[in-house]
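J.: Sequence first, then the predicted structure:
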Number of protein chains: 2
Amino acid sequence: MAPPEASTLEILRTHSLASVAGREIERLILGGEIPAGSRINEQALADRLGISRGPVREAIRGLERSGLVVTVINQGSYVRKVSAAEALELYDLRALITGEACATIAANPPPGALARLKALTGAMAEAATADDAQRYYGLNLDFHAALLEAGAGPRAQRIYADLGNELHLFRRRALVAPENMRESNREHAAMLAALRSRDPDAARRVGETHIRNGKRRFAASTPAVENDQGPPQAATGGEPGHARPTPDPPRRRAPRIARGR
Amino acid sequence: MAPPEASTLEILRTHSLASVAGREIERLILGGEIPAGSRINEQALADRLGISRGPVREAIRGLERSGLVVTVINQGSYVRKVSAAEALELYDLRALITGEACATIAANPPPGALARLKALTGAMAEAATADDAQRYYGLNLDFHAALLEAGAGPRAQRIYADLGNELHLFRRRALVAPENMRESNREHAAMLAALRSRDPDAARRVGETHIRNGKRRFAASTPAVENDQGPPQAATGGEPGHARPTPDPPRRRAPRIARGR
DNA sequence: CCGCTGCAAACTGTTGACGATCGACGATCG
DNA sequence: CGATCGTCGATCGTCAACAGTTTGCAGCGG
């Protein structure tokens, strides 16, 4: 194989620095190295990645659009903090997409899709038996990715992925109880059966229910609706007329109206 | 009122140049001033906006994430060209979200929502009678925005808005036939009735059907599946291993494999 | 002891400039 | 006469520096 330096150069020839920085920052955020709610220091990140601030800023702009960070003028970018209510909505939307994908697959299963899903379910069963939550988690991601690939278009897949990323921001990782693993995989098996049955409506119901049950398990494992403060989020519409609808990422605010100049 | 200059300065104090540039570029794209498929000249845009290339690049990076533009390394950014197949998927996703919103509203209508929707339907009826497609179009947007506001969360609203923006890219604007307007508004009335009926399932069906009918009308007005070439779109996953899955925004292609160096 | 004022450091927002790459045009050679 | 190579212009990607703002702290006064 070629030495890693050559590979790096080849990557640089095909991907811009901003894009690789974007993936790296996304990894740092989702991996928890940059905790939710914390501020992102552009200079520090640039130094860490060995690049300049320009590409870092561009990458942050992209992550902002995808909902991972929020930016306050002259103050910086913050890793978005997803509230419990928002997390619940994310589950609902995922349920919707998953149900639709199940219905599509049941109506006309792509060749090989069911076999692949079945194999993943089997592997998850093994992981659940071994209480290997880490492995189960990864396989679960694969299962749902395969499901979407088989029954949803590229746009839906991207939306689903974005929603999953945002969900990671709510908590460092919803702890996976052993019983939850087994219950979840039972639902996977039920989904598979429904997909085989060629009944789109039933498949949609089962798929939706699976995610909704995940939402329930998630809500049950959440201690309470921790309501630290106004959740930082920049929605679509933001008129300058409003005082400040939601953007209070940091806790310290000095609302000095002394902006007279 | 204050002179526009002062207002501009105040905006600059609360919004970054990149964000206003983003809105402006989005407006240019959706308004058709920058046609779909064309390249975006950063310098020219910066000059036009009277700013430097930095904010423009940041804005483009954000639009890229939201699916309005695609960027090819060392070649530039192109206004995304949505294929017919992609447009159909966009309709499906909008149908899904709209149906869900209808079901939610029917289950528990927020105060004032039904009245507002009814008023909009009435206004649309007037516009349809007057054959004022422009006005009908705007009211239709308002209607669906109000629907989502009443029955969907902020995230779903943002997704819906993004999908609508992408849909604009397919064609300069699907021409609205007078009969289509009337048919569409009849469906609006049916939706309203279903919402009043307090039957979530029925409301969901009607809402979904409305969008699916819009999809049908759209497909009927589309001359054919114009298949110029591989549609430029950057999906979620992009391994450097693949040769080049889809990114062929410009028509001139020089697939010389002579990248040996 | 607490609050206010002023200054200094840090950081962000923006700009301009430099190097590198790509596409196009024209010249040269088979 | 056609194809290939070299050169040129245009544009992108990246960097370093400047200006403006916010934050934190020290000093002062009440």
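T.: Yes, it's here. Numbering: from 1, shown residues only, chains lettered A, B, ... in the order given.
J.: going forward, measure contacts and count neighbours with C-alpha atoms only.
T.: Fine.
J.: Might you list the low-confidence residue ranges for chain A?
T.: Low-confidence segments of chain A, defined by pLDDT under 70, are located at A:1-10, A:171-176, A:223-261.
J.: contacting residues for the residue nearest the centre of it?
T.: Geometric centre of chain A, nearest residue: residue A:165, 1.4 Å, by C-alpha atoms, centre = their mean. For residue A:165, the contact set (C-alpha atoms under 8 Å, 6 or more residues apart in numbering or on different chains) comprises A:30, A:68.
J.: if I look at it, how far off is residue A:32?
T.: Between residue A:165 and residue A:32 the computed distance is 12 Å (C-alpha to C-alpha, to the nearest Å).
J.: Equivalent analysis for residue A:162, please.
T.: 17 Å.
J.: For the top helix by length along chain A, enumerate the helices and strands it packs against.
T.: Identified as the longest helix of chain A according to DSSP state H is helix A:84-107. Applying 3 or more C-alpha pairs under 8 Å, 6 or more residues apart in numbering or on different chains; DSSP states H and E, one finds that helix A:84-107 contacts helix A:133-151, helix A:154-168, helix A:178-196, helix A:200-221, helix B:84-107, helix B:154-168.
J.: Try it again at 10 Å.
T.: The helices and strands touching helix A:84-107, judged by 3 or more C-alpha pairs under 10 Å, 6 or more residues apart in numbering or on different chains; DSSP states H and E, are helix A:113-129, helix A:133-151, helix A:154-168, helix A:178-196, helix A:200-221, helix B:84-107, helix B:154-168.
J.: buried residues in that helix?
T.: Buried positions in helix A:84-107, judged by neighbour count with 16 or more other C-alpha atoms under 10 Å in any protein chain shown: A:84, A:86-107.
J.: Also stretch A:27-40?
T.: Those would be A:29-30, A:34-37, A:39-40, for stretch A:27-40 by 16+ other C-alpha under 10 Å.
J.: same thing with stretch A:104-119?
T.: A:104-107, A:109, A:113-114, A:117-118.
J.: Relative to residue A:33, how far out is residue A:40?
T.: The value you get for residue A:40 to residue A:33, if C-alpha to C-alpha is used, is 11 Å.
J.: still on that earlier bit, what sits in contact with each of residue A:165 and residue A:32?
T.: residue A:26 (C-alpha atoms under 10 Å, 6 or more residues apart in numbering or on different chains).
J.: number of nearby residues for the residue in chain A positioned nearest to DNA strand D?
T.: Closest approach between chain A and DNA strand D, counting by C-alpha to the nearest atom of the strand: residue A:17, at 3.0 Å. A count of nearby residues for residue A:17, using other C-alpha atoms under 10 Å in any protein chain shown, gives 20.
J.: who's in contact with the residue nearest to it when sequence neighbours are not counted?
T.: Distance criterion C-alpha to C-alpha, 6 or more residues apart in numbering or on different chains; nearest residue to residue A:17, sequence neighbours excluded, is residue A:55 at 6.1 Å. The neighbourhood of residue A:55, defined by C-alpha under 10 Å, 6+ apart, consists of A:16-22, A:42, A:46, A:61, B:54, B:57-58.
J.: Surely residue A:55 is in a strand?
T.: No - looking at residue A:55 with DSSP: H, G, I helix; E, B strand; the rest coil, it is helix, so not inside a strand.
J.: In JSON lines, list the helices and strands packed on helix A:84-107 along with distance to residue B:205.
T.: JSON lines is the format used below for the helices and strands packed on helix A:84-107 (distance: least, C-alpha to C-alpha, whole Å):
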{"stretch": "helix A:113-129", "distance to residue B:205": "28"}
{"stretch": "helix A:133-151", "distance to residue B:205": "20"}
{"stretch": "helix A:154-168", "distance to residue B:205": "20"}
{"stretch": "helix A:178-196", "distance to residue B:205": "22"}
{"stretch": "helix A:200-221", "distance to residue B:205": "13"}
{"stretch": "helix B:84-107", "distance to residue B:205": "6"}
{"stretch": "helix B:154-168", "distance to residue B:205": "18"}
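J.: how close does residue A:153 get to residue B:211?
T.: In terms of C-alpha to C-alpha, residue A:153 sits 17 Å off from residue B:211.
J.: Flag every residue of the stretch 51-200 of chain A that's near chain B.
T.: A:54-67, A:71-74, A:85-86, A:88-90, A:92-93, A:96-97, A:100, A:152-159, A:161-163 (C-alpha under 10 Å from any C-alpha of the partner chain).
J.: Return the residues of the stretch 1-150 of chain A in contact with DNA strand C.
T.: Taking C-alpha under 7 Å from any atom of the strand as the criterion, the neighbours of DNA strand C within the stretch 1-150 of chain A are A:13, A:40-43, A:53-54, A:71-77.
J.: and which of those residues is nearest to chain B?
T.: Within those, proximity to chain B (C-alpha to the nearest C-alpha) peaks at residue A:73, which comes in at 6.2 Å.
J.: Give the full set of residues in contact with that closest one.
T.: Contacts for residue A:73 (C-alpha under 10 Å, 6+ apart) come out as B:12-17, B:19.
J.: Got a quick PyMOL command for the buried subset of those residues?
T.: The buried residues among the contacts of residue A:73 can be selected in PyMOL (16+ other C-alpha under 10 Å) with this line:
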select buried, chain B and resi 16+17+19
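J.: Select, from the contacts of residue A:73, the two members most distant in space.
T.: B:13 and B:19 (11.9 Å; C-alpha to C-alpha).
J.: Within range of DNA strand D, give me the residues from chain A.
T.: A:12, A:16-18, A:50-55, A:74-75, A:252-254.
J.: which ones among the residues you listed are found in helices?
T.: With helices identified by DSSP H, the entries of those that belong to them are A:12, A:17-18, A:53-55.
J.: now the residues you listed in CSV, with distance to residue B:216?
T.: Below are these laid out as CSV (distance: C-alpha to C-alpha, whole Å):
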residue, distance to residue B:216
A:12, 44
A:17, 42
A:18, 40
A:53, 48
A:54, 45
A:55, 43
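J.: which one of those residues is nearest residue B:199?
T.: residue A:18 (49.2 Å).
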